[in-house]
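Chemist: Build the 3D model from these lines:
(one chain, ligands or ions: 1)
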Amino acid sequence: MQHSTFSTEELLRWDRQYVWHPFTPMKSWCEKSDPPVIVRGEKEFLIDSRGRRYIDGVSSLWCNVHGHCIPELDQAVREQLGKIAHSSLLGLCNEPSILLAKRLAEIAPGRLSRVFFSDDGSTAVEVAAKMAFQYWRNCGQSRRTRFIALDSAYHGDTLGAVSLGGIELFHRTFSPLCFAVDRVRPPALAPFSPLNATAAKPSEAAARFYSQAMADIEVTLLEHRNEYAAIVIEPHVQGAGGMLMHPPGFLTALGKLAAQYDVLLIADEVMTGFGRTGRMFACEHEGFEPDLLCLSKGLTAGYMPLGATLASERVYQSFYADPQENKTFYHGHTFTGHPLACAVALASHDLFEKHSLLEHVGRLSLLLHQQISPLLEHPNVGDIRQLGLVAAVDLVASRQPRTLFPSHWRVGGAVCTQLRDEGVILRPLADTLVIMPPLAASEQSVAHLGQAIVKVMAQLPQIIANIAKEHA
Ligand SMILES: *Cc1c(COP(=O)(O)O)cnc(C)c1O
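Modeler: Sure, this is the predicted structure:
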């Protein structure tokens, strides 16, 4: 079947010549990689220009929900296109953004009642940080300017989000451009921390990290009492930091501390929102009530870029004033509240109910767990973590003592490349395999995904031998 007017070879040549890929060392991309050119999608499958089908095992970077080319979602975009593609929210309203804001306020956890639209996850976080900062000015407490964020946090790539982020490799270069953030240890250890070599059993370690994290946060809050604007957190799962999972009770304890010290809570659910962890929002696992909630990725089921920052009434009311009081939120984007994106977000939410999607996620998570848990016996698997349909498998050179592969070997990447031959697309975080199929994937596809990973892991000694030879 003819997929494109252009040959795969032409497209790949032009990709190398013109496209600068995100988070990508471009030399090895251009000289060594042979990436698929995706031309179509069909439910949980991606189809490339050579006609090969793959399970979209990371939901097109953690955002796809119902699959690709879903008739109801396509229809929602088409219908809106038939009316108007875009008009501005500056001085005007539009129907899809009104209906989506209403819907989000109705389904949001806790006390969130107002919706501010932006373009993506990073901007949703920028908006939350600026709102939190200005909130305290509006309240006449302009000393409250500091933020607390976790080590290994990831909140996006614009400078405010980078300031809040805590991943050395991504964020170090830009630190001179960033505002200062007080960083505390998360209640989990990054999979590739050298400290892991001394970690006891994961369950015992979790208890230790939990009390360290709580102590860190309280000491920090005490040290600069009344100077904090907000604590920023990815609830339950720290995504790009290595799919770190927080032990139960941490969010509840954090909520108590924030209330005690009267600090705003910003929950970044850009990755965890919309069913990924088994609940509509990860905050719901513990009845966590943030003052600001950042959403993107799954918001439009992965169809279109759209960000939303939800605010509590308390935050909103501090901005609710006449212009001369200087409490207006002077922030906005050209495409704020984009009608096409809002229309597809509404249609996506309709499908959650129509397909009882959260129950389906429950079944799939159990199945995925069964599929990948045998890997715990694998000599090169350091840990497996899972919550809902987010799973992570850490690859290690050896378990006892825990040693890592040299990072430039890119063992995680090599495993994922090998998985393409099994009809699976995964993208690792360093040497952590990330498994996040679309929530609506079939049981058969999730079983295939698990089996493919187990099969390729059995070939790991050969993969490692080849890499070692290359680097000898
Ligand atoms: C992906 C992500 C972001 C950034 O979203 P973009 O749309 O890529 O800007 C922010 N926070 C978390 C937790 C994310 O996973």
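Chemist: pLDDT below threshold where in the stretch 151-300 of the chain?
Modeler: Counting by pLDDT under 70, the stretch 151-300 of the chain has low-confidence residues at 190-204.
Chemist: An error on my part: the question was meant for the stretch 1-150 of the chain.
Modeler: Ranges of the stretch 1-150 of the chain meeting pLDDT under 70: 1-4.
Chemist: Any residues of it in contact with the ligand? List them.
Modeler: Selection of the stretch 1-150 of the chain residues close to the ligand by C-beta under 6 Å from any ligand atom yields 120, 121, 122, 125. All C-beta spots, glycine's among them, are computed from the backbone N, C-alpha and C.
Chemist: now for the helix or strand where residue 254 lies, which elements pack on it?
Modeler: Residue 254 belongs to helix 250-260 when elements are defined using DSSP states H and E. Using 3 or more C-beta pairs under 8 Å, 6 or more residues apart in numbering; DSSP states H and E, the elements in contact with helix 250-260 are helix 202-223, strand 228-233, strand 264-268.
Chemist: Could you say which one of these comes nearest to residue 249?
Modeler: Closest to residue 249 of the helices and strands packed on helix 250-260, according to C-beta to C-beta: helix 202-223, at 7.3 Å.
Chemist: Flag every buried residue along the helix or strand that contains residue 363.
Modeler: Here residue 363 sits within helix 357-372, counting by DSSP H and E. Along helix 357-372, these residues count as buried under the neighbour rule (16 or more other C-beta atoms under 10 Å): 357, 358, 360, 361, 364, 365, 367, 368, 371, 372.
Chemist: quick revisit: would you list the residues of the stretch 1-150 of the chain next to the ligand in a markdown table and tack on neighbour count and distance to residue 168?
Modeler: Below are these laid out as a markdown table (neighbours: other C-beta atoms under 10 Å; distance: C-beta to C-beta, whole Å):
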| residue | neighbour count | distance to residue 168 |
| --- | --- | --- |
| 120 | 21 | 23 |
| 121 | 30 | 20 |
| 122 | 22 | 19 |
| 125 | 31 | 19 |
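Chemist: Make a markdown table from those residues and add distance to residue 226 to it.
Modeler: Shown next, in a markdown table, are those (distance: C-beta to C-beta, whole Å):
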| residue | distance to residue 226 |
| --- | --- |
| 120 | 33 |
| 121 | 30 |
| 122 | 29 |
| 125 | 24 |
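Chemist: Residue 447: neighbour count?
Modeler: 15 (other C-beta atoms under 10 Å).
Chemist: Run through the residues that contact residue 311.
Modeler: 112, 113, 114, 115, 116, 131, 291, 292 (C-beta atoms under 8 Å, 6 or more residues apart in numbering).
Chemist: Which part of the stretch 101-250 of the chain gets nearest to the ligand, residue-wise?
Modeler: Residue of the stretch 101-250 of the chain nearest the ligand, by C-beta to the nearest ligand atom: residue 121 (2.0 Å).
Chemist: can you pull the contacts of that residue?
Modeler: 155, 156, 161, 268, 270, 271, 294, 296, 297, 307.
Chemist: Show me which of those residues is closest to residue 404.
Modeler: residue 271 (24.4 Å).
Chemist: Wait, a strand at that closest one?
Modeler: No - using DSSP: H, G, I helix; E, B strand; the rest coil, the assignment for residue 271 is coil, not a strand.
Chemist: picking that back up, please point out which parts of the helix holding residue 254 sit buried.
Modeler: Under the neighbour-count rule (16+ other C-beta under 10 Å), helix 250-260 has 250, 251, 253, 254, 255, 257, 258 buried.
Chemist: returning to what we had before: so how far is residue 268 from the residue of the stretch 101-250 of the chain closest to the ligand?
Modeler: 8 Å (C-beta to C-beta, to the nearest Å).
Chemist: Work out the gap between stretch 210-228 and the centre of the chain.
Modeler: Centroid displacement of stretch 210-228 relative to its chain, using C-alpha atoms, centre = their mean, to the nearest Å, is 26 Å.
Chemist: Could you do stretch 237-256 as well?
Modeler: 13 Å.
Chemist: Please see if that stretch touches the ligand.
Modeler: Yes - Stretch 237-256 lies within reach of the ligand by C-beta under 6 Å from any ligand atom, at 239, 240.
Chemist: Now do the most centrally placed residue in the chain against residue 17, distance only.
Modeler: Residue closest to the mean C-alpha point of the chain, counted by C-alpha atoms, centre = their mean, is residue 271 at 2.8 Å. The spacing between residue 271 and residue 17, counted by C-beta to C-beta, is 33 Å.
Chemist: Residue 320 now?
Modeler: 52 Å.
Chemist: Which of those two has more residues huddled nearby?
Modeler: The neighbour count for residue 320 versus residue 17, taken as other C-beta under 10 Å, is higher for residue 320 (12 against 8).
Chemist: Enumerate every residue touching that one.
Modeler: Contacts of residue 320 (C-beta under 8 Å, 6+ apart): residue 327.
Chemist: right, and the pair among the residues of the stretch 1-150 of the chain next to the ligand with maximum separation?
Modeler: Every pair of these checked by C-beta to C-beta; the farthest is 120 and 125, at 9.4 Å.
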